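>>> 3D model of this:
(one chain, ligands or ions: 1)
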Amino acid sequence: MKNSNNNKNIHALGVVLLFTLLFIVSGNICAENPADSITVDREVISQVSLLQGLTFGDYNGSIPVARLKELGDIGIGTFNALNGELIMLEGVVYRAAYDGSIEIVPDEETIPFSNVTFFDADEEIQLTGIDSVGDLKTALDKKVSETGENRFYMIKAEGTFNTMNVRSELPQTKPYKPLAVVLETDQTFFDYENIQGTVVGLYCPAYMNDLNAVGWHFHFVSDDRLYGGHVLDLSAETIEVSIDKTDSFAMVLPDNEMFNTFDLTVDQSEDIKKVETGEGNEPVQQESSDEQEIARKLAEELIEAAAQVEPEITAVLQSLESENARLVGLEHRLKSEDSLTRKILSEAHDMEVPPEEAAAVIGDVLRYTLCIDDDQYVSVVDKTLKAFAEKNITVYKFRNRWGGDGYKGINTNLKTGDGLIFELQLHTPASFDAKELEHANYEVARSETATEEERIAAEAYAKEIYAKVPVPAGAPDYNWEINQDK
Ligand SMILES: [Zn+2]
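From the prediction side, this is the model:
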């Protein structure tokens, strides 16, 4: 409201408007006449689409980054295909990608959902002793209750954060699955310590329940512009917070088939909560700290045991590499401690057993993929399993999936003399590409929250992808008797 910067806005006089203006601007008008569709007003929170559209799986970008920059210089959101978390700061649009990295996003990339405004600080406060994101919310809520709970606020919190826990997500492929399903499988988490940066936060009043998430929503970008994401938790001794209180709210509606046909009468508040808190099927934050502690310890032990035998196994596979057979993703052969901890907790949860039991049956702490050219496929697969047998590393599970009409490839688990189980996938270049392409779609077919229609569409899509994979000669008939190598 009280603007220190240059401001064409009449409200700069400090007049308190007692109501919030609501503009609804349709997306196609926007596209025809972008400069005129919304008057440039520095005191407007502009929103692209609804968070509820996103929770339904509408990740179709409707306006380009260039247009978003005309609506503000600070904000949060996401990108077409849900390709990472959006943070706009000082007019620059950053992507916090699924791998935790930050990049500046080109003007042509499109935005399915975002909130932006022009930042003019009305007030600056210092907050100390922030132990959690909950503390930050409480402190900011106190401020909001003094200045008006039914307004919109954009804040900037700068400082050194003792801890910063953020998430991003893998870009999605069509048919898009609902956001809650994506978050169950495709969220990525990053934990930083002593990191300097800026939190951008949006506050939506309670009456925004059907259009966005009520309350605070924070994204983070580090000062060195290397790390960032959607904030799940944080702590800091001291942060400098600038608060921009705004007078009005405007919305840009997308114009696409998916958006136009949503049934927005469905209550999505549970899904919205998951989006906010990052609680998909990732129970790390829900488990008691005792259980987490146990799972982390188990993960540490499993990784240590795998790391001991890993060089020998890697050497066997590397000796089999040739022009016709290549190891892919070798750098990811050992699961990270974070991801293994989450897997142990999530399996324990699903199987309703203690973490120790769940950990005992995890067979892919160490995993490899060998990609073999079609004409050599069967002979190299055979050579590989025999090479392991010679080292007393035996096939524990063998699944040949070349015969059916779905997934293609041979997946095996092998067991070392010491009893360590690892995974080896044997692909052709085409079956490997199909697996990668289909990955994002895969969970829909098994998801409990997916509708029947979504499930059928996902299955049809998977079949279509796998049907295009050429089957190497002899592959469907290749078998390895589990006991032949004992
Ligand atoms: Zn977010």
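
>>> Domain ranges for the protein, per the record?
Following the assignment in automatic domain parsing, the chain carries domains at 10-280, 287-428+470-477.

>>> Pick the most deeply packed of these.
domain 10-280 (a mean of 19; mean count of other CB atoms under 10 Å). (C-beta placed from N, C-alpha, C; glycine too.)

>>> Comparing the domains of the chain by mean pLDDT, which bottoms out?
The stretch with the lowest mean pLDDT among the domains of the chain is domain 10-280, at a mean of 85.

>>> Now do that domain: distance to the chain's middle.
Counting by CA atoms, centre = their mean, to the nearest Å, domain 10-280 is centred 15 Å from the centre of its parent chain.

>>> Once you drop chain neighbours, what's closest to A475?
Spatial nearest neighbour of A475, chain neighbours left out: W402 (4.2 Å); criterion: CB to CB, 6 or more residues apart in numbering.

>>> tell me the SS of that neighbour?
Per DSSP: H, G, I helix; E, B strand; the rest coil, the local secondary structure of W402 is coil.

>>> Spell out which residues sit in contact with it, please.
408-410, 471-472, 475-476, 478 (CB atoms under 8 Å, 6 or more residues apart in numbering).

>>> Over to G57?
By CB under 8 Å, 6+ apart, the contact set of G57 is 175-179, 182, 258.

>>> got it, and N479?
398, 400.

>>> Number the residues from 27 up from this point.
New numbering, starting at 27: the last item is N505.

>>> for it, phi and psi?
phi -140, psi 150 (degrees, to the nearest 10).

>>> and if you look at F285?
Note on F285: its backbone torsions stand at phi -60, psi -40 [degrees, to the nearest 10].

>>> Ok, the one 3 residues further on next?
The phi and psi torsions at F288 (degrees, to the nearest 10) take the values phi -60, psi 140.

>>> same check, this time on G500
phi 80, psi -10.

>>> Quick one: closest of the domains of the chain to E490.
Shortest distance between E490 and the domains of the chain, using CB to CB, is found for domain 313-454+496-503: 10.3 Å.

>>> Pull the distance from the closest one to the chain's centre.
Centroid displacement of domain 313-454+496-503 relative to its chain, using CA atoms, centre = their mean, is 24 Å.

>>> From the contact counts, what lies against the helix of greatest length in the chain?
The longest helix of the chain (DSSP state H) is helix 315-346. When contacts are defined as 3 or more CB pairs under 8 Å, 6 or more residues apart in numbering; DSSP states H and E, helix 315-346 packs onto helix 363-377, helix 381-386, strand 393-398, helix 403-416, strand 447-453.

>>> Can you list the neighbours in contact with the next helix or strand after it?
Sequence order places strand 351-354 as the next helix or strand after helix 315-346, per DSSP states H and E. Residues outside strand 351-354 that contact it (CB under 8 Å, 6+ apart): 343-344, 347, 394-399, 402, 406, 453, 458.

>>> which one among the residues you listed gets closest to E326?
Distances from E326 to the contacts of strand 351-354, taken by CB to CB, are shortest for Y394, at 21.5 Å.

>>> dump the residue contacts of the closest one.
339-340, 343, 353, 356, 359, 448-451.

>>> repeat for P380
For P380, the contact set (CB under 8 Å, 6+ apart) comprises 320, 374.

>>> ok, now L396?
Going by CB under 8 Å, 6+ apart, L396 touches 343, 346, 351-354, 406, 410, 450-453.

>>> and if you look at R427?
R427 touches 433-437, counting by CB under 8 Å, 6+ apart.

>>> Then L196?
When contacts are counted by CB under 8 Å, 6+ apart, L196 touches 108, 124, 208, 212, 214, 466.

>>> From L353, how far out is it?
Note on L196: its distance to L353, by CB to CB, to the nearest Å, is 22 Å.

>>> and what of R481?
Noted for R481: a distance of 34 Å to L353, by CB to CB.

>>> how many neighbours does A486 have?
12 (other CB atoms under 10 Å).

>>> In a helix, it, correct?
Yes: applying three-state DSSP, one finds A486 inside a helix.

>>> and the gap between it and E479?
Applying CB to CB, the value for A486 to E479 is 11 Å.

>>> neighbouring contacts of the host helix or strand of I151?
Using DSSP H and E, I151 maps to strand 149-156. Residues outside strand 149-156 that contact it (CB under 8 Å, 6+ apart): 161-162, 165, 169, 173, 183, 260-269, 271.

>>> Parallel or antiparallel, list what pairs with that strand.
Strand pairing for strand 149-156, using DSSP bridges, gives strand 254-272 (antiparallel).

>>> C-terminal to the strand it pairs with, what's the next element?
The first helix or strand that comes after strand 254-272 along the chain, using DSSP H and E, is strand 274-279.

>>> quick one: L411 from V74, how far?
To V74, L411 is 53 Å away according to CB to CB.

>>> Over to L260?
In terms of CB to CB, L260 sits 26 Å off from V74.

>>> Equivalent analysis for A321, please.
To V74, A321 is 39 Å away according to CB to CB.

>>> and what of A333?
46 Å.

>>> what's the answer for E129, then?
For E129 relative to V74 (CB to CB), the value is 20 Å.

>>> just F82 next, same as before
In this view, F82 and V74 are 15 Å apart by CB to CB.

>>> need the contact list for Q402.
So Q402 contacts 350-351 (CB under 8 Å, 6+ apart).

>>> at 6 Å instead, please
By CB atoms under 6 Å, 6 or more residues apart in numbering, the contact list for Q402 reads N350.

>>> Need the residue closest to the centroid of this protein.
Nearest residue to the geometric centre of the chain (CA atoms, centre = their mean): E195, 1.2 Å.

>>> I'd assumed D212 was in contact with that residue.
Yes: when contacts are counted by CB atoms under 6 Å, E195 is listed as touching D212 (5.1 Å).

>>> doesn't E464 make contact with I491?
Yes: assessed by CB under 6 Å, I491 is found in contact with E464 at 5.0 Å.

>>> what angle separates the helix or strand hosting N191 from strand 274-279?
Following DSSP H and E, one finds N191 within strand 178-195. With axes from the mean of the first three to the mean of the last three CA atoms, to 10 degrees defining the directions, strand 178-195 sits at 40 degrees from strand 274-279.

>>> so what does strand 178-195 touch, helix or strand wise?
Here strand 178-195 touches strand 213-230, strand 254-272, going by 3 or more CB pairs under 6 Å, 6 or more residues apart in numbering; DSSP states H and E.

>>> Could you dump the ones you listed into TSV and include distance to V66?
Putting these into TSV (distance: least, CB to CB, whole Å) gives the following:
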stretch	distance to V66
strand 213-230	20
strand 254-272	14
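
>>> Out of those, flag the one nearest P381.
Here strand 213-230 is closest among the helices and strands packed on strand 178-195 (CB to CB), at 18.3 Å.
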